[in-house]
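Engineer: sequence and predicted structure are below.
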Amino acid sequence: MTRTQRDEIPPGTLDMLILKTLARAGPMHGFQIADSIQKTTEDVLQVEEGSLYPALQRMLIKGWIAGEWGKTDGNRRARYYRLSPDGQQQLERELERYGRVARAIARILQPA
Amino acid sequence: MLERFQHFFRRNREAADLREEMRLHLELRARQLEDRGIPAKEAHSMAQRQFGNAGRIEDQSRDAWERGSRALGLGSWERLAQDIRLSARSLRKAPGFTAVAVVTLALGLGMNTAVFTVVDAVMLRALPYPQASRLVSMWEQVMGHQPDEMSSHGASYANSGRYTVSLANLPDYCNAKSIRALAVFDMTPKNLTGEGTPERLAGETVSEPFFSVLGVQPLLGRDFLPEDDRFGANPVTIVTYGFWQRHLGADPQALGRTVNLDEVPYRVIGVLPAWFRSPGQLTSTDQIAFYVPVAASSKMLTRRGDHDWNVVGRLRPGVTVAAAQAELAIISAALAKRYPESNQNISAVIAPLRDDLVSEVRESLWVLLGATALIVLITCVNVANLLLVRATARRHETSVRFALGASRLRIARQFLAESLLLALAGCAAGILLGRVLMGVLLVLAPASIPLIGTVSMDWSVFAVAAAVATITGVAFGVAPAWQAVQTKASEALKAASRHTGGRSQVRWRAILTATEVALSLVLLVGAGLLLKSFVLLMGVDLGFQPDRVLAMNINLPKLRYPAAEGRLQFFEQLELRVRALPGVQAAAYANRFPLRGSWGGDVETDLAPQDESDVDLQAVSPGYFETLGIPLMRGRGLTPADRNGAPLVALVNEAFVQRFFPRTDPLGHRIHHGADTPWMTVVGVVNDIRRKGKEAQITAQVYLPAAQTGYPVSLADFAVRSAGDPRQLVKAVQAQVLALDKDQPVTNVRTLEEIVSASAAQRRFQTVLLATFAAVALGLAVIGIFGVLSYLVSQRTGELGIRLALGARPRAILALVLRQAGALIGAGVALGLAAAFALTRYLESLLFGVRPTDWLSYGAAVALLAAVSLLAALLPARRGSRLDPMVALREE
């Protein structure tokens, strides 16, 4: 069995990743979100899958995402999450913040 | 609010949803792994590992929810429920405390609820008519002229210048655009004959629009029509539901039947619904049986000086009483101009019907309600005191909770929740007690209180009780909650065995107790003033002896006794027969006996022939003065020789002499009713009497011999003075009446003493109630003082022990504790006196012969309160002085 090297996702970015995933691919249920993040990052970023759910609950309450129960391909009941206009705004704010931080870090790490 | 609740209930579903999502996640992940060729069992455990700790995740999700809910303000709801559960548990663990607190509260709230129920029914709820707020009562007021000795041809309120309305003026008042209709009504009891034993029934004479003004339709048949109310119209009657049931066999075909009232056949044209009460019935327990139209003669319609009728009216929708009043003022002014001899200075006045009905009891009820509010305050203070003791005992618990990180808010809330729970329990118990007290109240209450028959508890009573309970819960919870918040966490670490509350506790409790003393003093002063009024009133000399006198009404119908001579003959014969009965000391007849109504009229004297003055007139038999025990002061009394044909004579009372013959001997002077009436010679002077009861003024009175029948009222009252219990004579006298006329009912049979005590009934009612309230307040204050001093002594056990060990005499210790009590009581008394001075002026209208600042009542209240409070303080003080120094010190 082969194992790729996996990294924990940086703290504070989980919300952003979820929002971005939903923004890109439309409504998904929890497993699809986790799977999508892993696949997109080619298994580099590992979500501790369970921690996805408290984050989703949090964002539901804040109104960034909306949840709706539907059926999976296998005809199972699942909650599909989709981005709300508030969530879209939040995503933009987080991306901007992330960019700012990343640029700042990059400047420090740049060889002088 | 609704959203919050939904949120609250959604929480459980949310948790289930989350579990379902996680289950799905694990299954999908496992299948994905299986698809990659991993064996099922291993795939499952790998999925689990990747997922992480499901339990922890669930907790985290719930946390997210809780934080979210808190943003909506939901957390406080849930924690409130928690607080209440906790409070209920801790109250259950202290059953003694809980019972005392709940009983105290129930006492206060119960009294308050009972009195409020009466206030609600009498003064707040709508009268039992459709759109009752548009109903008004009307009377005629003498403007700017308030003679202190006023009586009138019709009913008038002594000293107020208020007259019932003249029928002749009514059509003019009806022209007011703001008034839809006005109707007159007046009591006219009639004898029902033709069906077995004759019976005297209460009824009312009303004008045609009476029922439509009140908004009632007959249940059967029709309302009066204008043509029924014309002079000479065929007599018709609308009967009450009760009459229809009792006398017409509840027969739907009863319409069109005739009933004989005072020998006149009346055709029944309608039956009223069972709920209907005439406005006059709202202030009495009279059972009205029938209504007949006025059918006024043209003579009645022109005599503007005769003020005979009660008037009820209905305003047009949207019109205010003030607007209608303004219009009536203009009409009255025009009438005064047109008919100066009868309408000078007279103006029609209206007031909302309810206000007019309750005007006599309003003050009294507000005072009683205020008194119960004070009781509620006192119970609050008492329970606050109890809670403080308890808070002290729980100091250890509180500081441990602080040490464990509970917030001040949380602790304060916990204490408040406990108070509210107590208040709620007290409220429930109070409503139950209130029901019982209400029953007692209704038994005690005189029937003259308007609408007293309709008193019942309804939702508004419950709502008010609940509101009062909530307010009290917060009120008495504040002190202990504040106390608890002041607790320091560090105290948990100190020796917690001494359950003392420190200086702040003492201060709080002293303040509360002084307040309690002050509140009780206010009630005691109020009760004292009323009691003194009552005693003074009871001591008032009526001027005649009402004991052992039985009076009754014998209304001879005009049809059978058309002439005054016929009536006189009947009464003369009756008197002869009754005098012969064993046990009868004296018998007499008159138009009315004292306390049973009156008649008045204008009188001129030969000294000032142009000066007509209104005085009380009575037509009496010679035995009248002996029967009532009115002493003759000068001259001679009436004799059987003073009859038609003999010279006209009259007796007057001393007040009459003072007013009309202040400097001359009245004997031999002459008086008459007016210019074209014969002169009568004054032959004697009798003692003053208070005709209308103890609270009435003494008025100038003239007594005419009943056998000289020149007066316009009928003889109708008969009275007997007996040697023993006058009630035993009722049957015998009745038999004599029936022997003279088998169709003649005897009504309103009462001893004068009963009437005297009934007239004092309302006053006795309010005095007894206020005295009871004051007694309860005093009891509560005693409990409060006893509690706070016991606490002080127990707190100072060590100190007192040291003093005793160092040689202090027990007397000194006693004095020490009593001094403390004295300071407390003194502060309370000072506060209470100030409050009483401010509040007792609201009692003024209820007092009789006592000023609201009567120092004797104040002094007595202070003395009583001080004595009882010191007695309550003595017990703990003695305990303090008898401490065994060794035991006390060891305890320290």
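Structural biologist: Here it is on my side, so go on. Numbers count the residues shown, from 1 in each chain, chains lettered A, B, ... in the order given.
Engineer: and the top helix by length along chain A, what's buried?
Structural biologist: The single longest helix within chain A, with elements called by DSSP state H, is helix A:85-109. Buried residues in helix A:85-109, counting neighbours by 16 or more other C-beta atoms under 10 Å in any protein chain shown, are found at A:Gly87, A:Gln90, A:Leu91, A:Glu94. (Each C-beta comes from the backbone N, C-alpha and C, glycine too.)
Engineer: close to chain B, is it?
Structural biologist: No: counting by C-beta under 8 Å from any C-beta of the partner chain, chain B is not contacted by helix A:85-109; separation bottoms out at 14.2 Å.
Engineer: which strands and helices lie in contact with that helix?
Structural biologist: Contacts defined by 3 or more C-beta pairs under 8 Å, 6 or more residues apart in numbering or on different chains; DSSP states H and E place helix A:85-109 against helix A:14-25, helix A:52-62.
Engineer: near chain B, which residues of chain A are found?
Structural biologist: Within chain A, the positions adjacent to chain B are A:29-31, A:34-35, A:48-51, A:53-54, A:57-58, A:61-62, A:72, A:76-79 by C-beta under 8 Å from any C-beta.
Engineer: try 10 Å this time
Structural biologist: Proximity of chain A to chain B (C-beta under 10 Å from any C-beta of the partner chain) is limited to residues A:1, A:29-35, A:38, A:46-63, A:67, A:69, A:72, A:74, A:76-79.
Engineer: from B:Ala484, how far out is B:Arg79?
Structural biologist: For B:Arg79, the distance to B:Ala484 (C-beta to C-beta, to the nearest Å) stands at 17 Å.
Engineer: kindly report the same for B:Asn175.
Structural biologist: Note on B:Asn175: its distance to B:Ala484, by C-beta to C-beta, is 71 Å.
Engineer: between those two, who's got more neighbours?
Structural biologist: Comparing B:Asn175 with B:Ala484 by other C-beta atoms under 10 Å in any protein chain shown, the one with more neighbours is B:Ala484, at 25 against 11.
Engineer: out of the residues of chain A next to chain B, which are buried?
Structural biologist: Counted by 16+ other C-beta under 10 Å, these give A:29-35, A:38, A:46-62, A:67, A:78-79 as buried.
Engineer: need the strands for the stretch 401-550 of chain B, in chain order.
Structural biologist: Using DSSP state E, counting those that start in this stretch, the strands of the stretch 401-550 of chain B run over B:549-553.
Engineer: these two touch, right, B:Ser714 and B:Gly597?
Structural biologist: No: B:Ser714 is beyond contact range of B:Gly597, at 12.0 Å (criterion: C-beta atoms under 10 Å).
Engineer: residues that sit against both of the two, list them.
Structural biologist: B:Asn591 (C-beta atoms under 10 Å, 6 or more residues apart in numbering or on different chains).
Engineer: contacts only, for B:Gln325.
Structural biologist: Neighbour list for B:Gln325: B:Val136, B:Met138, B:Ala176, B:Ser178, B:Ser347, B:Ala348, B:Val349, B:Ile350, B:Ala351 [criterion: C-beta under 10 Å, 6+ apart].
Engineer: distance of the fifth one relative to B:Asp355?
Structural biologist: Separation of B:Ser347 from B:Asp355 (C-beta to C-beta) stands at 18 Å.
Engineer: and for the fourth one?
Structural biologist: If you measure B:Ser178 against B:Asp355 using C-beta to C-beta, the figure is 17 Å.
Engineer: contact partners for B:Ala860?
Structural biologist: B:Leu524, B:Val525, B:Gly528, B:Leu529, B:Leu531, B:Lys532, B:Asp854.
Engineer: how about low-confidence regions in chain B?
Structural biologist: Chain B contains residues with pLDDT under 70 at B:1-11, B:66-78, B:144-160, B:196, B:488-504, B:609-612, B:710-712, B:891-892.
Engineer: care to break it down by domain?
Structural biologist: Domain ranges of chain B: B:2-73, B:146-344, B:362-539+B:761-891, B:556-744, per automatic domain parsing.
Engineer: need the contact list for the most centrally placed residue in chain B.
Structural biologist: Nearest to the geometric centre of chain B sits B:Leu365, at 4.0 Å (C-alpha atoms, centre = their mean). Neighbouring residues of B:Leu365 by C-beta under 10 Å, 6+ apart: B:Val115, B:Phe116, B:Val118, B:Val119, B:Val122, B:Met123, B:Val358, B:Ile449, B:Gln766.
Engineer: hang on, the third one in a strand?
Structural biologist: No: remark: B:Val118 does not belong to a strand; assigned using DSSP: H, G, I helix; E, B strand; the rest coil, it is helix.
Engineer: that one against B:Ala445, yeah?
Structural biologist: Yes: here B:Val118 reaches B:Ala445: they are 7.4 Å apart, a contact under C-beta under 10 Å.
Engineer: who touches both of the two?
Structural biologist: Joint contacts of B:Val118 and B:Ala445 (C-beta under 10 Å, 6+ apart) are B:Val361, B:Met438, B:Ile452, B:Val455.
Engineer: looking at chain A, which helix or strand is least sure?
Structural biologist: Among the helices and strands of chain A, strand A:7-8 carries the lowest confidence by mean pLDDT, DSSP states H and E, at a mean of 67.
Engineer: tell me which of the domains of chain B sits nearest to B:Leu109.
Structural biologist: B:Leu109 lies closest, by C-beta to C-beta, to one member of these: domain B:362-539+B:761-891, at 2.8 Å.
Engineer: look up the closest residue to B:Asn234, ignoring the ones flanking it.
Structural biologist: Nearest non-adjacent residue to B:Asn234, counting by C-beta to C-beta, 6 or more residues apart in numbering or on different chains: B:Arg267, 6.6 Å away.
Engineer: kindly report the same for B:Leu704.
Structural biologist: That would be B:Ala619: by C-beta to C-beta, 6+ apart, it lies 5.1 Å from B:Leu704.
Engineer: mind listing what's buried in the helix or strand hosting the one you found?
Structural biologist: Assigned by DSSP states H and E, B:Ala619 belongs to strand B:613-620. Going by neighbour count (16+ other C-beta under 10 Å), the buried part of strand B:613-620 is B:Ser613, B:Asp614, B:Val615, B:Asp616, B:Leu617, B:Gln618, B:Ala619, B:Val620.
Engineer: can you count the residues close to the residue of the stretch 601-750 of chain B found nearest chain A?
Structural biologist: Relative to chain A, the nearest point of the stretch 601-750 of chain B is B:Glu695 (73.4 Å; C-beta to the nearest C-beta). Counted with other C-beta under 10 Å, residues neighbouring B:Glu695 total 15.
Engineer: higher neighbour count, B:Ser178 and B:Asp355?
Structural biologist: Ranked by neighbour count (other C-beta under 10 Å), B:Ser178 and B:Asp355 place B:Ser178 first, with 19 against 13.
Engineer: isn't the more buried one right up against B:Ile330?
Structural biologist: No: if you go by C-beta under 10 Å, B:Ser178 and B:Ile330 don't touch, sitting 11.3 Å apart.
Engineer: what sits against B:Ala655?
Structural biologist: B:Ala655 sits in contact with B:Glu149, B:Val615, B:Asp616, B:Asn687, B:Asp688, B:Ile689, B:Gln697, B:Ile698, B:Thr699, B:Ala700, B:Gln701, where contact means C-beta under 10 Å, 6+ apart.
Engineer: you'd agree B:Val236 is up against B:Tyr266?
Structural biologist: Yes: between B:Val236 and B:Tyr266 a contact is recorded at 6.2 Å, counting by C-beta under 10 Å.
Engineer: for the helix or strand hosting the residue nearest to B:Asn234, packing partners?
Structural biologist: Using DSSP H and E, the element containing B:Arg267 is strand B:264-271. Judged by 3 or more C-beta pairs under 10 Å, 6 or more residues apart in numbering or on different chains; DSSP states H and E, strand B:264-271 is in contact with strand B:220-221, strand B:236-239, helix B:241-247, strand B:258-261, strand B:288-293.
Engineer: one more time with 8 Å, if that's ok
Structural biologist: Packing contacts for strand B:264-271, counted by 3+ C-beta pairs under 8 Å, 6+ apart, involve strand B:220-221, strand B:236-239, strand B:258-261.
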